[in-house]
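J.: below is the structure, and that's it, no one-letter string:
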């Protein structure tokens with residue numbers, strides 16, 4: 001790295017939870033062993049590192065070939081990658097292995113003690129005053145730990161580490177290549193590789209926040225500028241890159257659910273409302289525009305790029321489920337939105353028919369939520385007072401019957417099918 005690329009260190013490292021540092025294990029001995037072990041001779045450690053690399057897309061990482069090779073070797077020299085990523089990759093590998101069959105991974109599912117040792121190694125390195133992380137490494141390490149604790153249902157750890165990563169991201173936005181006023185200038189002071197790693201980390205933080213909101217209804221508080229910054233950068237770059245695509249569709253679904261929740265919280269006799277309708281229309285149009293981007297990206301992919309194609313199809317399903325959510329307040333009471341909702345369900349079914357069970361299992365849990373949303377047929381119901389007042393006071397005066405306050409077009413072409421204008425919805 002040239003002098004121009006040197007990033008100032010982050011000097012305030014959080015102290016690991018004391019509960020993690022208790023037990024019968026000799027911590028000082030364990031810490032010493034980390035520096036003198038030769039990880040590549042440990043077959044289980046090697047398998048866990050490789051398993052982590054195999055699923056690294058799920059952790060929002062854009063590691064260079066040199067960094068990936070260093071992780072495979074278990075290289076703790078610090079030449080190609082910070083030494084902390086070796087025990088951290090092994091820890092994440094254990095987390096992945098616990099969700100798979102041991103026959104697939106070669107890692108015993110009951111390897112609890114080994115996992116504990118790796119976690120202690122990582123926490124001790126974080127707690128060590130001699131191991132100072134630069135901002136990029138700091139953000140990546142803390143983001144990975146946040147996802148690890150989420151996988152282990154420790155939401156205090158998830159929140160703590162994710163918030164810490166977000167704070168450092170904002171404190172060092174310019175040096176990380178995330179200053180939106182200069183996002184397209186190439187950042188001559190920062191290598192393209194490091195800038196892409198930082199932007200992928202930002203996108204993945206947004207994804208984690210939105211996915212936790214959608215899947216378990218647990219909204220992590222991080223500084224709101226993280227989402228704002230992500231949206232600004234996403235608007236200036238290709239949103240179909242894997243990490244940005246996953247974060248964008250998760251954000252759209254979370255926003256749809258928030259709007260529907262606002263509708264459901266209103267008193268039945270409330271006239272609700274021009275401002276809500278405008279936000280609903282804007283979000284629906286944003287979803288439509290993003291579906292168009294996904295479709296365009298799919299059309300341009302080469303037949304050999306199946307991995308990216310699967311990611312984009314999954315994002316299309318999540319985005320369509322966001323559109324379906326926006327119809328749930330209206331579909332029970334009017335034939336037009338009900339038919340539009342049904343067409344969205346058909347579009348999702350069209351995509352899923354191109355996916356195998358193995359493809360579906362490779363996606364994370366947000367896809368399960370999306371498939372559940374788009375599996376529910378909505379039947380006709382008698383109009384409620386809330387719907388009647390909204391329709392008569394908001395929809396009809398502004399748009400005239402029987403239109404809804406947004407446009408929707410056919411999404412079938414996501415699968416490469418020709419759009420039928422007669423079926424536009």
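T.: Good, I have the coordinates. What you see is a predicted model; the values in this text were computed from it and never measured.
J.: alpha carbons only for contacts and neighbour counts from here, please
T.: Noted.
J.: would you mark the buried spots in stretch 77-85?
T.: Neighbour-count burial for stretch 77-85 flags 80-85 (criterion: 16 or more other CA atoms under 10 Å).
J.: err, stretch 160-175, not the other one
T.: The neighbour-count check on stretch 160-175 (16+ other CA under 10 Å) flags 160-170, 172-175 as buried.
J.: still on that earlier bit, in helices only, show me the buried residues of stretch 77-85.
T.: residue 85 (DSSP state H).
J.: just checking, residue 150 touches residue 162?
T.: No - using CA atoms under 8 Å as the test, residue 150 is too far from residue 162 to be in contact (10.1 Å).
J.: start from the N-terminal end of the stretch 251-400 of the chain and give the strands.
T.: With DSSP state E, counting those that start in this stretch as the criterion, the stretch 251-400 of the chain has no strands.
J.: can you pull the contacts of residue 50?
T.: 71-72, 93 (CA atoms under 8 Å, 6 or more residues apart in numbering).
J.: the residues you listed into CSV, with extra columns for distance to residue 323 and pLDDT?
T.: Formatted as CSV, those follow (distance: CA to CA, whole Å; pLDDT from 0 to 100):
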residue, distance to residue 323, pLDDT
71, 41, 94
72, 42, 92
93, 35, 89
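J.: which single one of those is nearest to residue 370?
T.: residue 93 (26.7 Å; CA to CA).
J.: so how far is residue 49 from the closest one?
T.: To residue 49, residue 93 is 6 Å away according to CA to CA, to the nearest Å.
J.: so residue 265 versus residue 220, what's the distance?
T.: According to CA to CA, residue 265 and residue 220 sit 21 Å apart.
J.: which one of these two is surrounded by more residues?
T.: Shown here are residue 265 and residue 220; by other CA atoms under 10 Å, residue 220 has more neighbours (19 against 8).
J.: so the more buried one is in contact with residue 160, correct?
T.: No - look at residue 220 against residue 160 with CA under 8 Å: they stay out of range, at 9.4 Å.
J.: just the helices in the stretch 51-200 of the chain please.
T.: Using DSSP state H, counting those that start in this stretch, the helices assigned to the stretch 51-200 of the chain run over residues 65-73, 85-97, 102-105, 112-127, 135-151, 155-171, 192-216.
J.: make a markdown table out of the ones you listed and add distance to residue 366.
T.: Output for the helices of the stretch 51-200 of the chain, formatted as a markdown table (distance: least, CA to CA, whole Å):
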| stretch | distance to residue 366 |
| --- | --- |
| helix 65-73 | 27 |
| helix 85-97 | 17 |
| helix 102-105 | 24 |
| helix 112-127 | 26 |
| helix 135-151 | 14 |
| helix 155-171 | 17 |
| helix 192-216 | 6 |
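J.: hey, least reliable of those helices by pLDDT?
T.: With a mean of 59, helix 102-105 has the lowest mean pLDDT of the helices of the stretch 51-200 of the chain.
J.: so where's this protein shaky on pLDDT?
T.: Flagging of the chain using pLDDT under 70 yields the residue ranges 1-41, 101-111, 129-131, 180-191, 237-239, 267-272, 393-425.
J.: what do you get if the cut-off is 50, keeping everything else the same?
T.: Along the chain, segments meeting pLDDT under 50 span 1-41, 129-130, 186-188, 401-425.
J.: need the longest helix for it.
T.: For the chain, the longest helix by residue count, based on DSSP H, is helix 274-300.
J.: and that helix, what does it pack against?
T.: helix 242-265, helix 306-327 (3 or more CA pairs under 8 Å, 6 or more residues apart in numbering; DSSP states H and E).
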